[in-house]
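Peer 1: Predicted model follows, preceded by the sequence.
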Amino acid sequence: MEAKIAEHLPQIGRRNPYQEWQAKEGIPIVRGLCIEDLNAVELGPWARKGGTGAFVDLGTKPGHERGAYLCEIPPGGSLEPQRHLYEEALYVVSGRGATTVWNDGRPKQTVEWQEGSLIAIPLNAWHQHFNGEGGRPARFLGRTNAPAMMGLFHNEKFIFENPCAFEDRFAGEDDYFSGKGTLYQKRIWETNFVSDARSFKLHEWKERGAGGTNVMFEMADAGLACHISEFPVGTYKKAHVHSKGNDKGGGALLLILDGEGFTLVWRPEEREWRRLSWRRNSLVVAPSSWYHQHFNAGAKPARYLAMRGGTGARHWMGNKNLNDVSEALGGTQIEYEDEDPRIHRMFEEEMSLHGASCKMRGLVSRCTGEEARRAV
């Protein structure tokens, strides 16, 4: 009897408020696992912003968007004033200009930016972006937690017209965007503005291997997290996975700040990789439930900015980070001695093609005699 009743009941459809909002915005949506050059992405008119833009939904599954977008300000122009009940971090891909931030009835604060700048927008504060050059457009990449917030409230008016001022996060302080910052343990740098992420000082991160360096950012007291990592010429980092066995489509967007190389991504149950080639201003995705491993195949150190979901440094301090702990010890990282031997052979072949030397001697025990001689 119950089965017959169920057959006549209507099925409820899945709703995704963020996708519904994207459709109404009417700008292009870029999908896949990699964008070769963010400056080459085709944008469309974006009435809400007053410029042009495109959503960036890189990943392995539709419906698990990362809240990322590209936006461009016309030469000598400005975007519309905005405020919204979701967090946002911006990286300037090209151009030079300024951003003004304020709360109703409070003084405005302005920060000048350039290509390579990283800016955090305070939650629900008014802000407006200006292009400081009359001869070319300015383009930036934004990463937000809009999908989660829209999924929680299901109400665009509440998101975009909410009068609440979060003065515990931003109250018009004169030094809010000073960029001076404070360095804490675990390579954490607290700031709201980085003038040039491509030259920002990093600190040793020996757990990830290959002589790499890193800094973790705490910005605008936000839940969004981001960090910068760099690794030397002729090296590659250890593979690891986030949220193994929990394929919810999350993960980090990796914006290449400098260098040339490639990233391998693969599912835990697979032994074949997808190779994502990159260079400066490329964007690749490191899916949360997939292993990913980064290789420097170029002639200079490789540096990237990882823009992640999840929580910022202040929120996860005290929790054990298993992403740089060996799987043998309960973590999610594959040590060099445990990796598939084909990976190192692939890297040696890549170095040979570029006429470069592999520098992994002493790190990877399976280095060939020929490779070891080149590494001396």
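Peer 2: On my side now, so go ahead.
Peer 1: Domains in the chain, by residue range?
Peer 2: For the chain, the structural domains run 17-160, 187-375, going by automatic domain parsing.
Peer 1: which stretches of the stretch 251-376 of the chain form strands?
Peer 2: With DSSP state E, counting those that start in this stretch as the criterion, the stretch 251-376 of the chain has strands at 251-258, 261-266, 274-278, 283-287, 291-296, 302-308, 333-334.
Peer 1: what ranges of the stretch 1-150 of the chain fall below the confidence cut-off?
Peer 2: For the stretch 1-150 of the chain, applying pLDDT under 70 flags the ranges 1-5, 62-64.
Peer 1: For it, just list every one of the helices.
Peer 2: Per DSSP state H, counting those that start in this stretch, the stretch 1-150 of the chain carries helices over the ranges 2-8, 17-25, 146-153.
Peer 1: what would these look like in CSV with distance to Leu58 and mean neighbour count?
Peer 2: To be clear about C-beta, it is placed using only N, CA and C from the backbone, and glycine gets the same treatment. Formatted as CSV, these follow (distance: least, CB to CB, whole Å; neighbours: other CB atoms under 10 Å):
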stretch, distance to Leu58, mean neighbour count
helix 2-8, 39, 7
helix 17-25, 14, 16
helix 146-153, 13, 19
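Peer 1: Please convert those helices to TSV, extending it with distance to Asp168.
Peer 2: As requested, the helices of the stretch 1-150 of the chain are exported to TSV (distance: least, CB to CB, whole Å):
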stretch	distance to Asp168
helix 2-8	50
helix 17-25	26
helix 146-153	18
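Peer 1: Cys34 - how many residues pack around it?
Peer 2: Counted by other CB atoms under 10 Å, the residues lying close to Cys34 total 18.
Peer 1: Now the domains of the chain in CSV, please, with extra columns for distance to Lys180.
Peer 2: Listed next are the domains of the chain as CSV, based on distance: least, CB to CB, whole Å:
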stretch, distance to Lys180
domain 17-160, 13
domain 187-375, 7
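Peer 1: among the strands of the stretch 251-376 of the chain, which is the most enclosed?
Peer 2: Burial of the strands of the stretch 251-376 of the chain is given as mean neighbour count (mean count of other CB atoms under 10 Å); strand 283-287 ranks first at a mean of 26.
Peer 1: That one pairs with which strands?
Peer 2: Strand 283-287 sits in its sheet next to strand 34-35 (antiparallel), strand 251-258 (antiparallel), going by DSSP bridges.
Peer 1: Throw the ones you listed into TSV and include distance to Pro122, thanks.
Peer 2: Shown next, in TSV, are the strands paired with strand 283-287 (distance: least, CB to CB, whole Å):
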stretch	distance to Pro122
strand 34-35	28
strand 251-258	21
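Peer 1: weakest of these in terms of mean pLDDT?
Peer 2: Lowest mean pLDDT within these: strand 251-258, at a mean of 93.
Peer 1: Ala146 contacts Arg66, correct?
Peer 2: No: counting by CB atoms under 8 Å, Ala146 sits too far from Arg66 to count as a contact (9.5 Å).
Peer 1: Quick check: the gap between Lys238 and Leu283.
Peer 2: Distance of Lys238 to Leu283, given as CB to CB, to the nearest Å: 22 Å.
Peer 1: Can you get me a residue count around Met216?
Peer 2: The number of residues near Met216, taken as other CB under 10 Å, comes to 22.
Peer 1: Name the nearest residue to Leu58, sequence neighbours excluded.
Peer 2: In space, and not counting its chain neighbours, Leu58 is closest to Val285: 4.0 Å by CB to CB, 6 or more residues apart in numbering.
Peer 1: Check what pLDDT that neighbour gets.
Peer 2: For Val285, pLDDT reads 93.
Peer 1: same check, this time on Trp316
Peer 2: Per-residue pLDDT puts Trp316 at 50.
Peer 1: top helix in the protein by residue count?
Peer 2: helix 341-353 (DSSP state H).
Peer 1: and that one, what other elements does it pack with?
Peer 2: strand 291-296, helix 369-375 (3 or more CB pairs under 8 Å, 6 or more residues apart in numbering; DSSP states H and E).
Peer 1: what bridges to the nearest residue to Phe177 once chain neighbours are set aside?
Peer 2: In this structure, Phe177 finds its nearest non-sequential neighbour in Val111, 3.7 Å apart by CB to CB, 6+ apart. For Val111, the beta-bridge partners are Thr99 (DSSP bridges).
Peer 1: Tell me, how many residues neighbour Val111?
Peer 2: For Val111, the count of nearby residues is 19 (other CB under 10 Å).
Peer 1: Would you mind measuring from it to Trp126?
Peer 2: From Val111 to Trp126 the distance is 14 Å (CB to CB).
Peer 1: ok, back up a step: ranking the helices and strands packed on helix 341-353 by mean pLDDT, which is last?
Peer 2: helix 369-375 (a mean of 41).
Peer 1: on that earlier part again, what's the angle from the longest helix of the chain to strand 274-278?
Peer 2: Interaxial angle of helix 341-353 relative to strand 274-278 (axes from the mean of the first three to the mean of the last three CA atoms, to 10 degrees): 30 degrees.
Peer 1: what's the distance between helix 341-353 and the middle of its chain?
Peer 2: Computed by CA atoms, centre = their mean, to the nearest Å, the separation of helix 341-353 from the middle of its chain amounts to 27 Å.
Peer 1: Just the buried residues of it, please?
Peer 2: Neighbour-count burial for helix 341-353 flags Ile343, His344, Met346, Phe347, Glu348, Glu350, Met351 (criterion: 16 or more other CB atoms under 10 Å).
Peer 1: Stretch 230-241 now?
Peer 2: By neighbour count on 16+ other CB under 10 Å, the buried set for stretch 230-241 is Glu230, Phe231, Val233, Gly234, Thr235, Tyr236, Lys237, Lys238, Ala239, His240, Val241.
Peer 1: Most widely separated two among these?
Peer 2: Pairwise distances across the buried residues of stretch 230-241 peak at 26.1 Å for Val233 and Val241 (criterion: CB to CB).
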